[in-house]
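Engineer: The following comprises the amino acid sequence and a computationally predicted model.
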Amino acid sequence: MAKKILVTGGTGYIGSHTVVELLQKDYEVFIIDNLSNSHISVLEGIEKIAGKKPHFTKLDLTDKFATEKYFNNHHDLDAVIHFAALKSVNESVAEPLRYYKNNLESLINLLHNMITKEISSLVFSSSCTVYGEPDKNPVNEKAPLKKPASPYGKTKQIAEDILQDSIISVDFLKVIALRYFNPIGSHQSSLIGELPIGIPNNLVPFITQTAAGIREQLKVFGDDYNTSDGTCIRDYINVVDLAKAHVVSVDRLINNKSKEHFEIFNLGTGKGYSVLDAIKSFEKVSGKKLNYILVDRRPGDIEQVWADVSKANEILGWKTEKNLDETMLSAWNWEKKYRGIQE
Ligand code: NAD
Ligand code: WQD
């Protein structure tokens, strides 16, 4: 019998790519999403790629009664991957209560129902934002956590604390927290991808939208950092590689391979690239000159952070397959297909 996996936030960017990978590994997938930051049509892309459909329920996980009702009808789930959260750093500064309420209430409701129904396995979406400005790079999972610059980042730290406390009191609960670095790119089919609402905050969608003529010019935030070319350094990870790490994590939990009840893994490539490196990569693979300008630093930005991924490589047996150029090309192909750009 196929194992049943609940994917919260499964029509979102990383969730949709993970649903595809799960379906391709013959899991039966159940999505919960309130569609606050994704579109129902994503399900069509998923079905075209995987050749089968996930089950979908529109539900807000902050709705205690609706969530409880859902679990009453789905008490036989084998594992949960919890992506559902609000994720805009800027928005979280402007509306902190909305972020605390959404991201923490949804986790608490989810955990409560998992515990009641004795569903033991949970994969949680955390973020490299919990490291703040690390003392050294590459940063490993033992690095001290720094106070995040935004309420969004704080919701991830608090969520990790909630999970750590929960495994102490509930002996059957097993959690894997995955700390993503900077996920970018799209599925190679260009049938699903990243769809930011409004003006993108993140670098890569801003690059592809500028090249597509939707944005006039990319602003490179800061060229006076203490890095090789003065721009910030990040670890840009391909979203399909990232999605695959979730399947490996679910397998690990379901097959009782976890060494501890709460495990943390960094998910990145292990390589840092500057903003100008990312632009050069885009220009190379697209053959297009990007209109960009160097401007002042963006408040709250970390100078440099990239992952030590040896723990995920060794213990999960997972590693990234795609390099920056391949991933940039996937991001550009998705943008072109979505905008109907022919070249
Ligand atoms: P996304 O916004 O594309 O997907 C999140 C999905 O969750 C959306 O479809 C949204 O509609 C849904 N959702 C939000 N609140 C909900 C609620 N209360 N009930 C039900 N559904 C709800 O974001 P993403 O980029 O796919 O991120 C997925 C997860 O990974 C998030 O937890 C995010 O914080 C984390 N993360 C993302 C990044 C990144 O750069 N994209 C980096 C690190 C961590
Ligand atoms: C990358 C680099 C910018 C836009 C954010 C969250 C983090 C995590 C990932 C969820 C930086 C520069 C950007 C632009 C630019 N998300 N940039 N011009 O800030 O590393 O991380 O997403 O957990 O929590 O903070 O990602 O893509 O915004 O920026 O120069 O128009 O690109 O300054 O150096 P960031 P990003």
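Structural biologist: Great, that's in hand. Ligands and ions are numbered 1, 2, ... in the order given.
Engineer: mind listing the strands for the stretch 201-343 of the chain?
Structural biologist: For the stretch 201-343 of the chain, applying DSSP state E, counting those that start in this stretch gives strands covering 218-221, 233-234, 236-238, 262-267, 273-274, 292-295.
Engineer: Flag every buried residue along the third one.
Structural biologist: Residues of strand 236-238 classed as buried by neighbour count (16 or more other CB atoms under 10 Å): Tyr236, Ile237, Asn238. Every C-beta, even on glycine, is put in place using the N, C-alpha and C of the backbone.
Engineer: Need those residues in a markdown table (columns: distance to Asn201).
Structural biologist: Formatted as a markdown table, these follow (distance: CB to CB, whole Å):
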| residue | distance to Asn201 |
| --- | --- |
| Tyr236 | 15 |
| Ile237 | 18 |
| Asn238 | 20 |
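Engineer: Just name the most buried of the strands of the stretch 201-343 of the chain.
Structural biologist: Comparing those by mean neighbour count (mean count of other CB atoms under 10 Å), strand 236-238 comes out on top with a mean of 26.
Engineer: Name the surrounding residues that touch that one.
Structural biologist: Strand 236-238 has contacts (CB atoms under 8 Å, 6 or more residues apart in numbering) with 180-185, 204, 267-269, 273, 278, 320-322, 324, 326-327, 330.
Engineer: And stretch 11-19, by the same measure?
Structural biologist: 7-10, 29, 31, 33, 35, 37-40, 42-43, 45-46, 50, 54, 56, 81, 83-84, 125, 180, 183, 186-187, 192-195, 239-240, 242-243, 246-247.
Engineer: follow-up on the earlier one: got the strands of the stretch 201-343 of the chain as a markdown table, with mean pLDDT and distance to ligand 2 columns?
Structural biologist: Shown next, in a markdown table, are those (pLDDT from 0 to 100; distance: least, CB to the nearest ligand atom, whole Å):
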| stretch | mean pLDDT | distance to ligand 2 |
| --- | --- | --- |
| strand 218-221 | 98 | 4 |
| strand 233-234 | 98 | 5 |
| strand 236-238 | 98 | 8 |
| strand 262-267 | 98 | 11 |
| strand 273-274 | 98 | 8 |
| strand 292-295 | 98 | 8 |
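Engineer: Who does whichever residue of the stretch 151-300 of the chain sits closest to ligand 1 form a beta bridge with?
Structural biologist: Going by CB to the nearest ligand atom, ligand 1 is nearest to Tyr180 of the stretch 151-300 of the chain, at 3.8 Å. Beta-bridge partners recorded for Tyr180 (DSSP bridges): Ser127, Leu267.
Engineer: quick one: pLDDT of it?
Structural biologist: For Tyr180, the model assigns a pLDDT of 98.
Engineer: I figured it was touching Phe124, is that so?
Structural biologist: No. Applying CB atoms under 8 Å as the test, Tyr180 and Phe124 come out as separate, 10.9 Å apart.
Engineer: Looking at these two, which is more packed in?
Structural biologist: Counted by other CB atoms under 10 Å, Tyr180 and Phe124 do not tie: Phe124 has more neighbours, with 25 against 21.
Engineer: secondary structure element for that one?
Structural biologist: Using DSSP states H and E, Phe124 maps to strand 121-127.
Engineer: What's the mean pLDDT across that strand?
Structural biologist: Rounded mean pLDDT across strand 121-127 is 98.
Engineer: and if you look at stretch 59-68?
Structural biologist: 98.
Engineer: so how far does that stretch reach from one end to the other?
Structural biologist: Using CA to CA, to the nearest Å, the end-to-end distance of stretch 59-68 comes out at 11 Å.
Engineer: How about it and ligand 1, any contact?
Structural biologist: Yes. Stretch 59-68 is in contact with ligand 1 by CB under 6 Å from any ligand atom, via Asp60, Leu61, Thr62.
Engineer: Close to ligand 2: what parts of the stretch 101-250 of the chain are there?
Structural biologist: Selection of the stretch 101-250 of the chain residues close to ligand 2 by CB under 6 Å from any ligand atom yields 127, 129, 153, 182, 201-203, 206, 218-221, 232, 234.
Engineer: Now the element after the strand holding Phe124, going C-ward?
Structural biologist: Tracing the chain past strand 121-127, the next element assigned as helix or strand by DSSP H and E is helix 151-169.
Engineer: Give me the contacts around that following helix.
Structural biologist: 85-89, 91-93, 96, 99-100, 103-104, 107-108, 111, 115, 122, 124, 126-127, 129-130, 132, 145, 147-148, 173-175, 177, 261-262, 264.
Engineer: Separate out the buried members of the residues you listed.
Structural biologist: Using 16+ other CB under 10 Å, the buried ones in those are 85-89, 91-92, 99-100, 103-104, 107-108, 111, 122, 124, 126-127, 129-130, 132, 148, 173-175, 177, 261-262, 264.
Engineer: Intersect those residues with the contacts of ligand 1.
Structural biologist: Ala85, Leu86, Lys87, Ser127.
Engineer: Provide a list of residues in contact with the first one.
Structural biologist: Meaning Ala85. Ala85 makes contact with Gly9, Asn102, Asn103, Ser106, Ser125, Thr155 under the criterion CB under 8 Å, 6+ apart.
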